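Peer 1: Fold the following, please.
(2 chains)
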Amino acid sequence: MKTIEELMAIRENAKKKMTVREDTGDEATRIVVGMATCGIAAGARPVLNAFVDEIAKRDLKGVTVSQTGCIGMCQYEPIVEVLEPGKEKVTYVKMTAEKAVKVVNDHIVNGNPIVDFTVGAATK
Amino acid sequence: MYRSHVLVCGGTGCTSSNSLAIIDALESEIAKKGLQEEVKVVRTGCFGLCALGPIMIVYPEGSFYSQVKVEDVPEIVEEHLLKGRLVKRLLYDETVTMEDVKSLQETDFYKKQHRVALRNCGVIDPENIEEYIAFDGYMALAKCLKELTPAEVIQIVKDSGLRGRGGGGFPTGLKWSFTAANEADQKYVVCNADEGDPGAFMDRSVLEGDPHCIVEAMTICGYATGATEGYVYVRAEYPIAVKRLKIAIKQAREYGLLGKNIFDSGFDFDLHVRLGAGAFVCGEETALMTSIEGNRGEPRPRPPYPAVKGLFRKPTTENNVETFANIPQIILKGADWFASMGTEKSKGTKVFALGGKIKNTGLVEIPMGTTLREIIEEIGGGIPNGKKFKAAQTGGPSGGCIPASLMDTPIDYDNLTAIGCMMGSGGLIVMDEDNCMVDIAKFFLNFTVDESCGKCTPCRVGTKRLLEMLDKITAGKATMEDLDKLEDLCNYIKANSLCGLGQTAPNPVLATLKFFREEYVAHIQDKKCPAGVCKALMTYSIEADKCRGCTACARKCPAGAIEGKVKEVHTINTDKCIKCGVCLETCKFGAVVKK
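Peer 2: Take a look at the predicted model:
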């Protein structure tokens, strides 16, 4: 080790691997994936992992991905809820890994919820 | 990228309640569900709440599972890790409220704590240097070597007001400046990790949970004082701590944070580990250095002090583990930040190992100036079984006790000294009404008699005579004159012993005499042990009106001391009775009484 910069590079890299342990408090945007039997059967696992990977790839801060149980609309699984502080909850249905990447891009990063993927559009 | 981290405590406490088997089960169960790419299992150091171990925290939710068993693992993996449903029955009671799950930091045990020395314990994987670096590890060392002169480093430590956490309370910055002022071809840094007080495990937990901070702090100390070599003297009874420390040193060498020309500054420093064979006296600084040198662990007279002639007769700085653990944070956050915590003359925080008659046995770190009442009633959760608090023993065999009447004393070095007690290294043993204070004094004297190295007479012979006097008192054979003799001998040993062991050995006797003299008098004059502990002063008897003659006690008595026929009143033959108390436990009618 010769320079502080070297140490800081290691620090930043190591920190990225540990963001999941940060206490983000009430400020965080939460992405909740339904992972009950119905969700898993419908393919929620790849969706969950797609969110985790995409957020890591883009190095987004203050976004957590967690799971939840069945919310009762099993025919629409995999269901994903996006909860942003101070905003209306957005519920996406029949998600896929590809859709998840798009949600991160359009909704999380650019702030434009994708209406076509939501439960509102699906039940029309 | 892992979406979830499962932290399992790998400290000595949780390890002994099988946390390693839990980690194995977790890993195999996770693999069975195909989650090994998604969920990472991390073994950490001590979380502090040892009473509830084995402990597991699952992120990102931060769910705190306590008293986890190997059998619980499949459920945790299936429900929580796979399906995202918390396993409520295993959550720590206090974190579960009607509507929500509270974070750990809001519980009574944690909310009054302030973690400086323990900041990484239970947070990082101690065997992974990158996790330490992620939490600003080695940044303090970089700052010292790149931006500060040795004199500036010492000034920061001086300004912070940090005092020796091993118990002595000597200002750390001053100690460093003494070594720095002495010119020599070789100087040393020594870390005292020979934690010997019964019931104390602060240093062990730091070494197990955050070994890199000791490596970093010792290197900083080396830079500040002009030393190029360091020794950590750690007890062989701490295998986990030794293993993790050795891993930390190896990793630091690989990363160039130990060795030649660290941070291209021209400064060289390297560390060695020496194992102590378990002699209490080796926690005394001069005896410790004698032991590192390869000799029998006996103290040397001071002066010369270690700063002048220490290890291998070279100038040496010796600090305790917890003292070192504070250093990197002081360098990074500044002396003012550290000095803003605590009381006027005792800055910062102190780690205590809570033990004895208390609900939340474990490790706590509190700002100086917190009262004993806060530690016991709030953080510690109070005394179990509705018993009354009697006293807290601090400082182990060198310390004294704080009685219930002084519970509101703010804890710092000077306040404790003023009431005839001492801070000590941080063991805090809580006693309730069932503890006999004479017996407690005897317990610690027994320990010091065993551990006296024998080099000087006041300690070797004096402590033995003290113990004999205490034996006489607890046997009900002492007179009031003996009590005066006891006090005289205490003061003599204190004044004339060579090292700290002997100088402090009478403290448990003096402190209990000061606050609980009436208990000594009761043993001597009334031939009674008020707490009902000292066997020689107790008799068991059967109350005739309550005895139904069921013969249960007579059948259980191992000494055959109970006589009586079926449906007739039984009696205890006190000549045969060995006072084991089995009859008292056996009797369903409350007829057996202990007086």
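Peer 1: Not counting stretch A:95-110 itself, show me its contacts.
Peer 2: Residues outside stretch A:95-110 that contact it (CB atoms under 8 Å, 6 or more residues apart in numbering or on different chains): A:29, A:31, A:33, A:43-44, A:46-47, A:49-51, A:54-55, A:58, A:60, A:63, A:78-80, A:82, A:90, A:92, A:112-114, A:117. The way it works is simple: take the backbone N, C-alpha and C, and place the C-beta from them, glycine included.
Peer 1: near chain B too, which of those residues?
Peer 2: Counting by CB under 8 Å from any CB of the partner chain, A:33, A:49 from these sit close to chain B.
Peer 1: Now, of the contacts of stretch A:95-110, which are buried?
Peer 2: For those, a burial check counting by 16 or more other CB atoms under 10 Å in any protein chain shown picks out A:29, A:31, A:33, A:44, A:47, A:49-51, A:54-55, A:63, A:78-80, A:82, A:90, A:92, A:113, A:117.
Peer 1: Narrow the contacts of stretch A:95-110 to those in helices?
Peer 2: A:44, A:46-47, A:49-51, A:54-55 (DSSP state H).
Peer 1: I'd like to know which of these is nearest to chain B.
Peer 2: Nearest to chain B, judged by CB to the nearest CB, of the ones in helices among the contacts of stretch A:95-110 is A:N49 at 6.3 Å.
Peer 1: ok, that closest one - contacts?
Peer 2: By CB under 8 Å, 6+ apart, the residues touching A:N49 are A:97, B:3, B:37-38.
Peer 1: In helices only, show me those.
Peer 2: Filtering the contacts of A:N49 for membership in helices, criterion DSSP H, returns A:A97.
Peer 1: The helix or strand harbouring B:F352 pairs with which strands?
Peer 2: In the assignment (DSSP states H and E), B:F352 maps to strand B:349-356. Strand pairing for strand B:349-356, using DSSP bridges, gives strand B:362-367 (antiparallel), strand B:427-432 (parallel).
Peer 1: can you put these in TSV and add mean pLDDT, mean neighbour count and distance to B:V321?
Peer 2: Formatted as TSV, the strands paired with strand B:349-356 follow (pLDDT from 0 to 100; neighbours: other CB atoms under 10 Å in any protein chain shown; distance: least, CB to CB, whole Å):
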stretch	mean pLDDT	mean neighbour count	distance to B:V321
strand B:362-367	93	25	13
strand B:427-432	93	24	14
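Peer 1: Pipe the ones you listed into CSV and attach distance to B:R313 per row.
Peer 2: Listed next are the strands paired with strand B:349-356 as CSV, based on distance: least, CB to CB, whole Å:
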stretch, distance to B:R313
strand B:362-367, 37
strand B:427-432, 33
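Peer 1: And the pLDDT for residue 77?
Peer 2: Because you didn't say which chain, this covers chain A. A:E77 is assigned 89 on the pLDDT scale.
Peer 1: looking at chain B here, not the other one
Peer 2: So B:V77 comes in at 93 (pLDDT).
Peer 1: Give me the distance between it and B:L86.
Peer 2: 13 Å (CB to CB, to the nearest Å).
Peer 1: The two: who's more crowded?
Peer 2: B:V77 (24 against 17; other CB atoms under 10 Å in any protein chain shown).
Peer 1: Which residue comes closest to the more buried one once chain neighbours are left out?
Peer 2: Distances taken as CB to CB, 6 or more residues apart in numbering or on different chains put B:E29 closest to B:V77, at 4.3 Å, once the chain neighbours are dropped.
Peer 1: For the closest residue to chain B within chain A, give me phi and psi.
Peer 2: Residue of chain A nearest chain B, by CB to the nearest CB: A:Q67 (2.3 Å). Main-chain torsions, A:Q67, degrees, to the nearest 10: phi -110, psi 160.
Peer 1: Please verify my assumption that it contacts A:I31.
Peer 2: No - contact criterion CB atoms under 8 Å: A:Q67 and A:I31 do not qualify, at 10.0 Å.
Peer 1: re the thing from before, so what touches the strand holding B:F352?
Peer 2: Strand B:349-356 has contacts (CB under 8 Å, 6+ apart) with B:114-118, B:165, B:199-202, B:205-206, B:322, B:326, B:341-342, B:360-368, B:375, B:379-380, B:392-393, B:411, B:423, B:426-431.
Peer 1: cool, and stretch B:13-33?
Peer 2: B:6, B:8-10, B:36, B:39, B:41, B:43, B:46, B:50, B:53-56, B:68-70, B:73-74, B:76-78, B:81-82, B:201, B:240, B:362.
Peer 1: at 7 Å what do you get?
Peer 2: By CB atoms under 7 Å, 6 or more residues apart in numbering or on different chains, the residues outside stretch B:13-33 that reach it are B:6, B:8-10, B:36, B:39, B:41, B:43, B:46, B:50, B:53-55, B:68, B:70, B:73-74, B:77, B:81-82, B:240.
Peer 1: Now the buried members of these.
Peer 2: Here, 16+ other CB under 10 Å leaves B:6, B:8-10, B:39, B:41, B:43, B:46, B:50, B:53-55, B:68, B:73, B:77, B:81-82, B:240 buried among the contacts of stretch B:13-33.
Peer 1: Which ones among those map onto strands?
Peer 2: B:6, B:8-9, B:39, B:41, B:43 (DSSP state E).
Peer 1: Among the residues you listed, give me the pair with the biggest separation.
Peer 2: Put simply, by CB to CB the two of these set farthest apart are B:C9 and B:V39, 17.4 Å from each other.
Peer 1: Tell me the one among the ones in helices among the contacts of stretch A:95-110 nearest to B:E147.
Peer 2: A:I55 (35.7 Å).
Peer 1: Give me the distance between that closest one and B:G34.
Peer 2: Taken as CB to CB, the span from A:I55 to B:G34 is 21 Å.
Peer 1: Likewise for B:Y132?
Peer 2: Counting by CB to CB, the gap from B:Y132 to B:G34 is 31 Å.
Peer 1: Between these two, which is the more surrounded one?
Peer 2: More neighbours surround B:Y132 than the other of B:Y132 and B:G34, with 28 against 10 (other CB under 10 Å).
Peer 1: Packing partners of the helix or strand containing that one?
Peer 2: Assessed by DSSP H and E, B:Y132 sits inside helix B:129-134. Secondary-structure packing of helix B:129-134 (3 or more CB pairs under 7 Å, 6 or more residues apart in numbering or on different chains; DSSP states H and E): helix A:4-17.
Peer 1: One more pass at 10 Å, please.
Peer 2: helix A:4-17, helix B:211-225, helix B:239-254 (3 or more CB pairs under 10 Å, 6 or more residues apart in numbering or on different chains; DSSP states H and E).
Peer 1: and the second one with chain A, contact?
Peer 2: Okay, so that is helix B:211-225. No - contact of helix B:211-225 with chain A (CB under 10 Å from any CB of the partner chain) is absent, the minimum separation being 11.3 Å.
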